[in-house]
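# requesting a structural model of the entry that follows:
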Amino acid sequence: MKRGTIFFRDTSADCLVLNISIGGAGLAVESDAAIPVAFDLEIESEPIRRHCILVWRLERRLGVTFEFDRMQRPEGGPI
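From the prediction side, this is the model:
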């Protein structure tokens, strides 16, 4: 498991990456904050920021898919 940060609308929320695959991930958020259907995910010690689409939510657990054509380096430049 790794720590991550969800970014949306000039806001961020901490999360825990429970599992990850080529196409998506399982996340656990630390609060009941409203998370939008689309957001960016940065995972600690990884050089890219993934654009995610929310597939399911069960309380504080989220399942997301990655939108590969929108991945970026954390400093904002494309891969």
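
# let me know the secondary structure of residue 47.
Three-state call for residue 47 (DSSP: H, G, I helix; E, B strand; the rest coil): coil.

# can you pull the phi/psi pair for it?
Main-chain torsions, residue 47, degrees, to the nearest 10: phi -80, psi 0.

# longest strand in this structure, by residue count?
Counting by DSSP state E, the longest strand found in the chain is strand 61-72.

# give me the contacts around it.
With C-beta atoms under 8 Å, 6 or more residues apart in numbering as the test, strand 61-72 has contacts from 15, 18, 22-29, 35, 38, 40-41, 48-57, 78-79. Every C-beta, even on glycine, is put in place using the N, C-alpha and C of the backbone.

# just the buried residues of it, please?
For strand 61-72, burial by neighbour count (16 or more other C-beta atoms under 10 Å) applies to 62-64, 66.

# what's the weakest-modelled helix or strand in this protein?
Using mean pLDDT, DSSP states H and E, strand 61-72 stands out as the lowest-scoring helix or strand of the chain, at a mean of 84.

# put the alpha carbons of that strand into CSV.
C-alpha atoms of strand 61-72 as CSV (Å, rounded to 0.1, in the frame of the first residue of the first chain):
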residue,chain,number,x,y,z
ARG,A,61,-13.5,3.0,-0.7
LEU,A,62,-13.2,3.9,-4.4
GLY,A,63,-12.6,2.0,-7.5
VAL,A,64,-11.1,4.0,-10.4
THR,A,65,-9.9,3.4,-14.0
PHE,A,66,-7.1,5.4,-15.5
GLU,A,67,-7.5,7.6,-18.5
PHE,A,68,-4.1,7.1,-20.2
ASP,A,69,-4.1,9.9,-22.7
ARG,A,70,-4.4,12.5,-19.8
MET,A,71,-1.5,11.2,-17.6
GLN,A,72,1.0,13.9,-16.7
